[in-house]
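Peer 1: Task: produce atomic coordinates for the following.
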Amino acid sequence: MKRVDDDFERLVAGLDYPMYVVTTAVDGERAGCLVGFATQASIDPPRLLVLVSKANETYRVASRAPVLVVHYLGVYNHQLAELFGEESGDWTDKFDRCAWEEGPSGVPVLAGVRGWVAGRVLDRLDTGDHVAHLLEPIDAGFGDAGPPLMLQQVRDLDPGHPA
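Peer 2: Okay, the predicted model is just below:
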């Protein structure tokens, strides 16, 4: 008997999603991770939906944070993707290894990305191994133009934690 999961996995394996880094901060803790699940969720009012894996340290901080910053990566941001995708905040201060400045609510805004959106967390939804965060944009910045960094371009990374 054919399993639905097998066909689903075969279908999504070939998709190519843009990659993002989500950062957050609360109570003196900073965190950030590479994510592949983010999308605009509404035009009016503007909303952004970003999913963070429950397996990593960023989720633990994001679950208490009022603001997240979603960074849109360019093809030239492979090193940032490596840092935020392969390292874990459980053992590495990622922010000591990259350029950033303090943004809204003290959340780190990474330098040299295509752009970023800071959003106030309106709601959280448990989706399985990830939690969706519905964001209301409160600030944004457009950085370096160019093509986005895509999932297929970072398939070689060894995750700091399993998804």
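
Peer 1: contacts and neighbour counts: CA atoms only from here.
Peer 2: Will do.

Peer 1: Specify the local secondary structure of Leu157.
Peer 2: Under DSSP: H, G, I helix; E, B strand; the rest coil, the three-state class of Leu157 is coil.

Peer 1: Distance check, it against Pro104.
Peer 2: 30 Å (CA to CA, to the nearest Å).

Peer 1: Glu29 now?
Peer 2: Using CA to CA, we find Glu29 at a distance of 15 Å from Pro104.

Peer 1: Kindly report the same for Glu86.
Peer 2: Glu86 sits 26 Å away from Pro104, going by CA to CA.

Peer 1: cool, and Ser53?
Peer 2: According to CA to CA, Ser53 and Pro104 sit 23 Å apart.

Peer 1: Of those two, give the one with the bigger neighbour count.
Peer 2: Between Ser53 and Pro104, counted using other CA atoms under 10 Å, the more crowded position is Ser53 (22 against 18).

Peer 1: Look up the residues forming beta bridges with that one.
Peer 2: With beta bridges defined as DSSP bridges, Ser53 has these partners: His130.

Peer 1: so Pro137 makes contact with Arg47?
Peer 2: Yes. Between Pro137 and Arg47 there is a contact at 6.6 Å, judged by CA atoms under 8 Å.

Peer 1: phi, psi of Ala81?
Peer 2: phi -60, psi -40 (degrees, to the nearest 10).

Peer 1: mind starting the numbering at 52 from now?
Peer 2: In the new count, where the first residue is 52, that last one comes out as Ala132.

Peer 1: Find the nearest non-adjacent residue to it, please.
Peer 2: Sequence neighbours aside, Leu85 is the residue nearest to Ala132 in space, at 6.2 Å (criterion: CA to CA, 6 or more residues apart in numbering).
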